[in-house]
Each structure stands twice: as C-alpha cells, then as structure tokens.
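In: no sequence on this one, just coordinates:
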C-alpha cells in the first residue's frame, strides 16, 4: 500500500459512502432524498474534512507541540488524523449556512435522518483506527486473553504490546447510541433524535477515553473528554428547551 494511502483513509472513504447512502434512504422514506443533491454532499464532505483537519492542527500545534512538518503530513485527504468533533462542527456549520438548499425538513430534519448513517460511519472509521494502530488504549497484560486475540488479528502496533482496542469500543458505542436515538418514538421537535445521539455518544466517549494510552498528555482530562462535557451540556440545554416548547 502506498505510504500516502493509509488504512484509516480507506475506511474513512467507506464510512462516507455508507453514511450518505443510509441518510438518503431515511430521507426517501420522508418523501425527499440526498443523492439528487451532489452539491450539498460535496459541501458537507468539505466541511467535515476542513473541520476535522483544523481540529487536529490546532490541537497538535498548541497542545501537543507537533512540528509544522508533522502537521502538514496530516493534511492529505487519505491520511489519518481527522478529529470527529471537529468534523461534526464543520458539518453543522455547512448545514446552517446552506439551510435554504436542504431537503424537506431543513437541517434539523436532515440531522435526524443522518443518525444511523453517522453511527455506522463512526464505526467504520474507528475500524480504520484499529487497523492502523492509532487512538490506542492502555497496553494489556500478556496474560489477558484479549492480548492474544489482538496479536492474532492485528499487526504490531508501533512496537507496543497489544493494547486495549479503544477504537473498537468507541465504534460499537456509536452504533449503540445511533440505535437508541433512532428508537425515540415521538420526538417533540425536529432534531431531537440527532441531539439524543450526540448526547449518548458524548457521554460514552467521556468514559471510554479513560482507556486511552496517551503518555504525552499533561492534564487529567484529554481534549475529547473536555469536548464531550461541552456537548453533553449543550445537548441537555437544547433538549430541555425542546421539551419546554412542546409542553
């Protein structure tokens, strides 16, 4: 495999295709669609790519002290390094700016339709992390049965012993969050399913991030956990407002 084509990038491309297709199917059931809006799809992808890369650049430069050469290597579209929360921020900004050109239901309806697609997209992206050996959890003891299983399934991870498969747990939790959010039977307002998904995923990610092995980080909570707390607070406020307006 060429050096510029990293496993994460391949899984990321698959994640985009699955997310777009599942979102389109959900919109079709509501009398609209997504595949007939290629400009919107392209704008969302660009927003996700730019938001994710900007997140990585800012965190890497100002919090981790990466060199500019290392940061530039992250800019390739099929390399690893897209941060989930930054990508989602870019998507939300694009949808808000282009809200006049969205399918029936506006950006809130589109976000609800994207819940299952987002869950599967995160899962596939995290499989790419697992295959590439990034976003590692703490090293496992050699006596742990999971250590032996990971050694048999995956290549050596940066010269480390087999580690806690944090990307797999994050991906599975994303699927679970998407499923639970999609089961909200009578949402009080458009966008409630998506807010529920974001809140559940952020809550689980806050806890799972304690498994991350990141010896260079200097603070009790990492960036993902701080962002998770911010999203949980925002989702709580927005869901409370939706509940109050619907009562």
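Out: Great, that's in hand. The shown structure was predicted, so the numbers you read here are calculated from the model rather than taken from an experiment.

In: what residues are up against the spatially most central residue of the chain?
Out: What sits nearest the mean C-alpha location of the chain, by CA atoms, centre = their mean, is residue 84, with 3.8 Å. Residue 84 makes contact with 52, 122, 125, according to CB atoms under 8 Å, 6 or more residues apart in numbering. (Each C-beta comes from the backbone N, C-alpha and C, glycine too.)

In: beyond the least confident helix or strand in the chain by mean pLDDT, next helix or strand please.
Out: Ranked by mean pLDDT, DSSP states H and E, the weakest helix or strand in the chain is helix 68-73, scoring a mean of 57. Sequence-wise, the next helix or strand downstream of helix 68-73 (DSSP states H and E) is helix 84-97.

In: following that following helix, which helix or strand comes up?
Out: In N-to-C order, the element after helix 84-97 by DSSP H and E is helix 106-113.

In: starting at the chain centroid, how far to that next one?
Out: 17 Å (CA atoms, centre = their mean, to the nearest Å).

In: that one - what's its average pLDDT?
Out: Confidence for helix 106-113, expressed as mean pLDDT, is 82.

In: which strands and helices lie in contact with it?
Out: Packing partners of helix 106-113 (3 or more CB pairs under 8 Å, 6 or more residues apart in numbering; DSSP states H and E): helix 7-28, helix 84-97, helix 192-208.

In: worst mean pLDDT among these?
Out: When I compare those, helix 84-97 is least confident, with a mean of 79.

In: okay, the angle between that helix and helix 106-113?
Out: Counting by axes from the mean of the first three to the mean of the last three CA atoms, to 10 degrees, helix 84-97 lies at 140 degrees to helix 106-113.

In: low-confidence ranges in this protein?
Out: 1-7, 59-83, 104-105, 151-161, 185-188, 215-218, 243-247 (pLDDT under 70).

In: still on that earlier bit, quick one: closest of the helices and strands packed on helix 106-113 to residue 56.
Out: helix 84-97 (7.0 Å; CB to CB).

In: helix, strand, or coil at residue 189?
Out: What DSSP: H, G, I helix; E, B strand; the rest coil gives for residue 189 is coil.

In: I'd say it and residue 111 touch.
Out: No: in this structure, residue 189 is not within contact of residue 111 by CB atoms under 8 Å, at 11.6 Å.
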